[in-house]
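need a structure here:
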Amino acid sequence: MAGRKQFDVDEALRRAMHVFWRWGYSEASIDRLTEGTGLGRSSLYGTFGDKSTLFQKSLQRYAQTYHPLYDQALSGPHPSPSAVVAAYLQVTLNRIADPTVPDGCLLTVSATQFPALDAKGQAMVRAMIDGLRAMLEQALLAAGADEQEAAELALCTLATNKSLAVLSRAGFSSDDLATVAAAAARIPGETTFTTLSSAMDTQGPRQSRYCR
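Numbers count the residues shown, from 1 in each chain. Down below sits the predicted model:
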């Protein structure tokens, strides 16, 4: 049939997603994208548009692939806020441990290159992060946290998630990453940071007890 694609468009998009994931937007050159997808420039542009549009489609593919896993993990019921944090971060650890995908997280590496993105790309990255944050808040509320605790702990869990992605790209071991995740899951209700909290109080506005 005239005009029919001679390649698997979905597979090409998956491969493009991996290029952006591995290199970030700035370093994902057209040469790397053509090599990674196996497409020529004309096929790449003709199918997906320019680099920015391909990046946006890759982000959407990433969110469609991985965000439902977080949603499922948070659906509960969970006996405590700590269990919510543990469930969320376990999804992150499972993804990092997958040898078929690049290290880290496409959303995280995109956030680190935020200034290089156009306005639509920036809006997509922020909206996806905000969506995960809201998902966490709702799960934490359902597990017994009050509104302030849920908001604070959701933000700090999100930050831990992003730090795991960065550490994995730097070659930290799976044991190291599991240690970070386990420590984060112990934070709700902990009183071991009182001294640090007091010191921070003398230096400025009170910080969340979940981010110490």
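
quick one: residue 76 and residue 181, what's the gap?
18 Å (Cβ to Cβ, to the nearest Å). Yep, even glycine has a C-beta here, placed from its N, CA and C like the rest.

compare those two (neighbour count), which wins?
residue 181 (22 against 12; other Cβ atoms under 10 Å).

just to check, that one is in contact with residue 93?
Yes - at 5.9 Å, residue 181 and residue 93 qualify as touching, with contact defined as Cβ atoms under 8 Å.

so what sits against both of those two?
Common neighbours of residue 181 and residue 93 (criterion: Cβ atoms under 8 Å, 6 or more residues apart in numbering): residue 164.

quick one: distance of the one helix or strand residue 21 maps to to the chain centre.
Assigning secondary structure by DSSP states H and E places residue 21 in helix 9-27. Distance, stretch centre to chain centre, for helix 9-27: 15 Å (Cα atoms, centre = their mean, to the nearest Å).

over to stretch 68-79?
On Cα atoms, centre = their mean, the centre of stretch 68-79 falls 16 Å from that of its chain.

how long is that stretch end to end?
End-to-end distance for stretch 68-79: 21 Å, by Cα to Cα, to the nearest Å.

that stretch: which residues count as buried?
For stretch 68-79, the neighbour count (16 or more other Cβ atoms under 10 Å) marks 70, 73-74, 78 as buried.

ok, and what's touching stretch 68-84?
Outside stretch 68-84, the residues that reach it (Cβ under 8 Å, 6+ apart) are 87-88, 90-91, 94-95, 132, 135-136, 138-140, 142-145, 149-150, 153, 157, 185-189.

give the rounded mean pLDDT of that stretch.
On average, the pLDDT along stretch 68-84 is 94.

that stretch: end-to-end distance?
Distance between the two ends of stretch 68-84: 15 Å, counting by Cα to Cα.

buried residues of stretch 175-189, list them for me.
Neighbour counts over stretch 175-189 (16+ other Cβ under 10 Å) mark 177-178, 180-181, 184-185, 187-188 as buried.

save those residues as a markdown table, and put in secondary structure and distance to residue 128 too.
Output for the buried residues of stretch 175-189, formatted as a markdown table (DSSP: H, G, I helix; E, B strand; the rest coil; distance: Cβ to Cβ, whole Å):
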| residue | secondary structure | distance to residue 128 |
| --- | --- | --- |
| 177 | helix | 22 |
| 178 | helix | 25 |
| 180 | helix | 22 |
| 181 | helix | 21 |
| 184 | helix | 21 |
| 185 | helix | 23 |
| 187 | coil | 24 |
| 188 | coil | 25 |
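
of those, closest to residue 48?
Residue 48 lies nearest to residue 177 out of the buried residues of stretch 175-189, by Cβ to Cβ, at 32.9 Å.

tell me the pLDDT at the closest one?
Looking at residue 177, its pLDDT stands at 95.
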